[in-house]
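K.L.:
A structural model of the following input is requested.
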Amino acid sequence: MSFTELFILSLGLSMDAFAVSITNGMCSRSVSVKKSFFVAFTFGFFQAVMPLIGFLTGYLFYAQIQAVDHWIAFGLLAFLGGKLILEGYREKLGTDEACDVDQEILSVKRILFQGIATSIDALAVGIGLSVIQADVFVSVSVIGIVTFLVCLPAMRIGKKFGTILNDKAQIFGGVILISIGIKILLSHLLG
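P.N.:
Numbering: from 1, shown residues only. Okay, the predicted model is just below:
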């Protein structure tokens with residue numbers, strides 16, 4: 001996997017955390033630099049740790065799945081991308097609950113839970129990274145850093161423009177993940 005592909009993958013993975021960060025900004029009474037940094041760091045940390053766990057799990061079983069590895073990577077990325085797109089459309093249609101701005105929602109416990117919840121898809125991507133034998137340390141570092149950088153301004157963006165961007169970020173992230181899955185599949189089938 002080239003650095004460009006890894007960067008695009010990282011960007012796609014970070015869209016879920018970006019969307020949640022925007023929502024956090026929309027739902028917060030105030031958005032401080034300290035709070036934005038903590039949210040971005042938490043999301044970046046979990047987005048880096050989960051693919052590492054997935055990579056190690058996938059590495060243990062690589063010999064058994066080597067013949068179908070490209071299908072597994074495609075399936076995981078297509079599923080995760082489709083999930084993001086569906087969530088984005090649900091938000092666009094207004095089927096998700098809105099927040100209560102009168103009540104502060106950003107406790108440390110809640111942010112940690114959000115960090116874990118938004119990085120579950122990165123666990124599956126880690127399995128895919130082991131399948132294509134990517135450099136795990138470079139991969140998890142780039143994923144974590146990109147997520148941090150994407151999420152850092154997201155709460156302030158959410159405070160100003162959140163209702164416009166939230167669903168579009170998830171749809172965009174889903175399209176990126178599906179595109180990378182198709183590219184991996186085609187490169188194995190045609191190469």
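
K.L.:
what about Ile85, distance to Ala117?
P.N.:
As judged by C-beta to C-beta, to the nearest Å, Ile85 and Ala117 stand 18 Å apart. All C-beta spots, glycine's among them, are computed from the backbone N, C-alpha and C.

K.L.:
so which of those two has more stuff around it?
P.N.:
Using other C-beta atoms under 10 Å, the more surrounded residue of Ile85 and Ala117 is Ile85, with 19 against 13.

K.L.:
can you point out the buried residues in the helix or strand where the more buried one lies?
P.N.:
Ile85 belongs to helix 69-93 when assigned by DSSP states H and E. Buried residues in helix 69-93, counted by 16 or more other C-beta atoms under 10 Å: 69-74, 76-78, 80-81, 83-85, 87-88, 91.

K.L.:
any idea how far Leu86 is from Leu80?
P.N.:
Taking C-beta to C-beta, one finds Leu86 at 11 Å from Leu80.

K.L.:
give me the contacts around stretch 149-161.
P.N.:
Stretch 149-161 has contacts (C-beta atoms under 8 Å, 6 or more residues apart in numbering) with 11, 14-15, 17-18, 21-26, 28, 31, 35-37, 39-40, 43-44, 165-166.

K.L.:
list only buried entries from those.
P.N.:
Looks like those have 11, 14-15, 17-18, 21-26, 28, 31, 35-36, 39-40, 43-44, 165-166 buried, using 16+ other C-beta under 10 Å.

K.L.:
narrow those residues to those in helices?
P.N.:
By the criterion of DSSP state H, membership of the buried ones among the contacts of stretch 149-161 in helices covers 11, 14-15, 17-18, 21-26, 35-36, 39-40, 43-44, 165-166.

K.L.:
so where is this protein shaky, pLDDT-wise?
P.N.:
62-63, 65-66, 91-105, 162-167, 169-170, 173, 191 (pLDDT under 70).
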